[in-house]
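Q: From the sequence below, what's the structure:
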Amino acid sequence: MATSDKPLLIKRYASRRLYNTETSDYVTLEDIAGFIRNGREVKIVDLKSGDDLTRQYLLQIIAEHEGRGENVLPLEVLNDLVRSYSSQARSVVPQFLEMSFDMLRDGQSKIMQNLTTLPNPMAQMPGFEAMQAQQRAFMKAITGGIGGSSGPEMDRDDKPDDKDLKDIKRQLAELQEKLSKM
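A: All right, here's what the predicted structure looks like:
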């Protein structure tokens, strides 16, 4: 498949067969889904009328995947989409969905970049320090002070105090806030 910035043109014949104009062969809906998964934009047009059928076919691809049990769209989202067609929300929903998916793509891109470029990508995740502090406090609590424990005994200063717990709670609250904004 040739890589290009312009959309791959697919023509629909009267027989409803789909024709890839770059490779001069017929394609299926699953082939088109594969092009899209590989990052290629497609444009599907009716050969006779020139009508753009892209939206219709993309919805058909989604419906087939959902029908096979490959559920990506929660039922509540599907209900809201149906409602948006019969309400004033119709003007806001497309922009909202587009912005949401743009944010999702950007987030995935940043995560993948961090995983491949940072020496310890986990250390850069929001809340990682809080998780480490919580694990340390937990391990100190369970390894010391238990009768007959073979672990090192805790000094009074080693026990997690109110300040440590407050700090952990604050960090967890910050993490929850960051996650809710995503």
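
Q: okay, now the domains of the chain?
A: Following automatic domain parsing, one finds the domains of the chain at 8-67, 75-117, 126-145+153-181.

Q: so can I have JSON lines of the ones you listed showing mean pLDDT and mean neighbour count?
A: C-beta coordinates here come from the backbone N, C-alpha and C atoms, glycine included. Shown next, in JSON lines, are these (pLDDT from 0 to 100; neighbours: other C-beta atoms under 10 Å):
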{"stretch": "domain 8-67", "mean pLDDT": "95", "mean neighbour count": "14"}
{"stretch": "domain 75-117", "mean pLDDT": "77", "mean neighbour count": "11"}
{"stretch": "domain 126-145+153-181", "mean pLDDT": "66", "mean neighbour count": "13"}
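
Q: So which residues of this protein form helices?
A: 29-37, 54-67, 75-84, 93-117, 128-143, 162-181 (DSSP state H).

Q: Tabulate these (JSON lines), appending distance to L47.
A: Shown next, in JSON lines, are the helices of the chain (distance: least, C-beta to C-beta, whole Å):
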{"stretch": "helix 29-37", "distance to L47": "16"}
{"stretch": "helix 54-67", "distance to L47": "14"}
{"stretch": "helix 75-84", "distance to L47": "30"}
{"stretch": "helix 93-117", "distance to L47": "28"}
{"stretch": "helix 128-143", "distance to L47": "55"}
{"stretch": "helix 162-181", "distance to L47": "47"}
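
Q: if we compare those helices, which one ends up closest to I44?
A: Between I44 and these, the shortest gap by C-beta to C-beta is with helix 54-67, which sits at 4.7 Å.

Q: what packs against that closest one?
A: Secondary structure elements in contact with helix 54-67, counted by 3 or more C-beta pairs under 8 Å, 6 or more residues apart in numbering; DSSP states H and E, are helix 29-37, strand 42-46.

Q: Identify whichever of these lies nearest to R170.
A: Of all these, helix 29-37 comes closest under C-beta to C-beta, at 41.6 Å.

Q: Residues touching the closest one, excluding its own?
A: Contacts with helix 29-37, where a contact means C-beta atoms under 8 Å, 6 or more residues apart in numbering, come from 1, 8, 10, 18, 20, 42, 44, 57-58, 60-61, 64-65.

Q: a markdown table for those, including distance to F35?
A: Converted to a markdown table, the contacts of helix 29-37 look like this (distance: C-beta to C-beta, whole Å):
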| residue | distance to F35 |
| --- | --- |
| M1 | 7 |
| L8 | 6 |
| I10 | 9 |
| L18 | 11 |
| N20 | 9 |
| V42 | 6 |
| I44 | 11 |
| Y57 | 12 |
| L58 | 11 |
| Q60 | 15 |
| I61 | 11 |
| E64 | 16 |
| H65 | 15 |
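
Q: OK, contacts around I10?
A: I10 neighbours (C-beta under 8 Å, 6+ apart): L18, Y19, N20, T21, V27, I32, V42, K43, I44, V45.

Q: Cheers, nothing more for now.
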